[in-house]
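**Q** Any chance you can model this:
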Amino acid sequence: MALLPILTLPDPRLRQISKAVETLDAEIQRLLDDMLETMYDAPGVGLAAIQIGAPKRIVVIDTAKQEEDRSPLFLINPEIVWASEELSTYNEGCLSVPEYFEDVQRPARVRVRHLDRSGDLLEFDAEGLLATVVQHELDHLEGGLFIDHLSRLKRERVVKKFTKAARLEAAHQARAAGEAAENVDA
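**A** As a prediction, this is how the structure comes out:
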């Protein structure tokens, strides 16, 4: 298993729509394991493959608390087949939008159909935190982020903040690379 880098805003790959998984081969099994390890290390409760740069319809989730036994879910080609009219609000964050949290309203309960890592077609009902995490991660598969559920003003502020931070980081790396090249030449 390997820890994979997590893409962060404003990386345009986060807006890609993920493609269905056609074959559950060794590569997909390895990806599932690497995603799970990456999610636990981050730490997070959910991770979509696109967040590590793989535009595949794959999600890993584990909402178990730290003191509880791990209980990972592997969702391949997941889809929400039913959602309640009743809504709930959770303070959401995202590994791809680090250290930013905001209240998001979503359906309180959902029914999800997916393939598990063995290729079996399953359905389950989710409510509470699990329902929120499932919907959050499935948004990623469609090129969405939780900030898309915020007002335009809040969303624009967040995007501007992360875009500025990315520009500053790129400038810092360019300066560091230039200084390293000067030291080699000296």
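**Q** going forward, measure contacts between C-alpha atoms and count neighbours the same way
**A** Noted.
**Q** can you give me the strands in the chain?
**A** 46-48, 58-61, 73-83, 87-94, 97-107, 109-115, 121-127 (DSSP state E).
**Q** The fifth one: which residues count as buried?
**A** Using 16 or more other CA atoms under 10 Å as the burial criterion, the residues of strand 97-107 that qualify are 97, 102, 104, 106, 107.
**Q** JSON lines for these, including distance to residue 124?
**A** As requested, the buried residues of strand 97-107 are exported to JSON lines (distance: CA to CA, whole Å):
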{"residue": "97", "distance to residue 124": "28"}
{"residue": "102", "distance to residue 124": "27"}
{"residue": "104", "distance to residue 124": "23"}
{"residue": "106", "distance to residue 124": "18"}
{"residue": "107", "distance to residue 124": "15"}
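**Q** Take the residues you listed and lay them out in JSON lines including pLDDT and distance to residue 41.
**A** Listed next are the buried residues of strand 97-107 as JSON lines, based on pLDDT from 0 to 100; distance: CA to CA, whole Å:
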{"residue": "97", "pLDDT": "97", "distance to residue 41": "16"}
{"residue": "102", "pLDDT": "97", "distance to residue 41": "22"}
{"residue": "104", "pLDDT": "98", "distance to residue 41": "25"}
{"residue": "106", "pLDDT": "98", "distance to residue 41": "27"}
{"residue": "107", "pLDDT": "98", "distance to residue 41": "29"}
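**Q** Pass me the low-pLDDT residue ranges in this protein, would you?
**A** 181, 184-186 (pLDDT under 70).
**Q** which ones are touching residue 93?
**A** When contacts are counted by CA atoms under 8 Å, 6 or more residues apart in numbering, residue 93 touches 99, 100, 101, 102, 146.
**Q** run the last query once more with 7 Å
**A** When contacts are counted by CA atoms under 7 Å, 6 or more residues apart in numbering, residue 93 touches 100, 101, 102.
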